[in-house]
Each structure stands twice: as structure tokens, then as C-alpha cells.
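[1] My questions are about this predicted structure, shown below with the sequence.
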Amino acid sequence: MLDPNPKLPPQLTPEQIKRFDQELSELLPQYPPDRKQAAMLPALHLMQEMLGYLTTEAMLRVAQKLEVSPEKVAEVATFYSMLRLNPVGKYHIDVCTNLSCSLRGAEHILERVESKLGIGLGETTADGRFSLREVECLASCGTAPCLQVNGEFFENLTPGSLDQLLSTLA
């Protein structure tokens, strides 16, 4: 449950609030007027794009603007793996370990990323450059194993292609 009166300092700047409100006002006409909550995912994506992750204050703003309970926003934000509730590194790496990727070596890819970066799942490198997460499915079964970096797909991974990717990002 989200505390409607968080004891944290505000994290949204006036400019971010203005941008969010403006972009949301342009988005809402695409949805039935009596179903503003249908715009929740785009609203949460917009907040995440602006902040890098969803803060309590950001989720409360979404709830207020969409006229839904803060708990409903928290339910949605915690359900979808593409939404982040904590800060992440400059390069956010999601490694798929679902069946197709697993059958084609996803666990080895994941272990190699952990070894090369020196971090485990859910961690960020000390320099703030990389974050690592395991995800259930990236819907790229035909090109397994795959991962995403900041939403960009890298498919048919091999140890060599993974090493090349990581060195390019470093």
C-alpha cells in the first residue's frame, strides 16, 4: 500500500509535473472519459521515463490524475516487470530465462553477465553503470537466448556476442 502522505522529500520537479500533466492530458482523450484508469500503463511508463523508476510520489500523482486509489496503482506497478520501483544503472540489463531461452543456454548467459559485471540479480554495479535482472519472458523465443539493455533486444546470444556487447557498453 502506498502512503498517501509520504515522509520523503519531493522528487518530482515542477517541470516534471508540468510535463506529466501535459502529456497525460494529450493521452486521456484516447480513452473513454469514464475509464481514465485505462491509461494507467502509459501514465506509469511516462513517469518511469522521466524519473528512471517509479517513486512513491510519482505513483501517487498517477493515482490522483487517473482518479484511482494509490493501492490500484501499486498493484499495477508491482505486477509488470517492465516497471521499476527502484533506481537502476545507466544500462539496465534484463536476461530472459523462460523455457525457450533456458533450453538455449540462458542460465550460462546470466552467469556470464554476473561474472563479467561482478553483480548478482537485482544489483547495480558500484559505479552505477549496470543493473541486472532476470525476467520471465521477453517474447523472443525464436531468437533465444536473448536479453534487453534499456529495452533494446539482443538475440541469438553466444558467449562471444555477449562479451562484445558488454565491452561496447563499458
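    That came through fine.
[2] List the contacts of residue 69.
    residue 63 (Cβ atoms under 8 Å, 6 or more residues apart in numbering). All C-beta atoms are positioned from the backbone trio N, CA, C, and that covers glycine.
[3] Return the per-residue confidence for it.
    Note on residue 69: pLDDT of 96.
[4] Please apply the same query to the one 10 residues further on.
    You'll see residue 79 listed with a pLDDT of 91.
[5] Can you report how many residues lie near it?
    8 (other Cβ atoms under 10 Å).
[6] Domain-wise, how is the chain divided?
    Listed by automatic domain parsing, the domain ranges of the chain are 14-79, 91-169.
[7] Please give the centre-to-centre distance between the first one and its chain.
    Relative to the mean C-alpha coordinate of its chain, domain 14-79 is positioned 15 Å out (Cα atoms, centre = their mean, to the nearest Å).
[8] quick one: terminal-to-terminal distance for it?
    29 Å (Cα to Cα, to the nearest Å).
[9] what sits against residue 163?
    Residues counted as contacts of residue 163 (Cβ under 8 Å, 6+ apart) are 112, 116.
[10] ok, it to residue 154 distance?
    From residue 163 across to residue 154, the span is 12 Å (Cβ to Cβ, to the nearest Å).
[11] Please identify every residue contacting each of those two.
    Joint contacts of residue 163 and residue 154 (Cβ under 8 Å, 6+ apart) do not exist.
[12] what comes up buried for stretch 27-42?
    Using 16 or more other Cβ atoms under 10 Å as the test for burial, stretch 27-42 gives 28, 36-37, 39-40.
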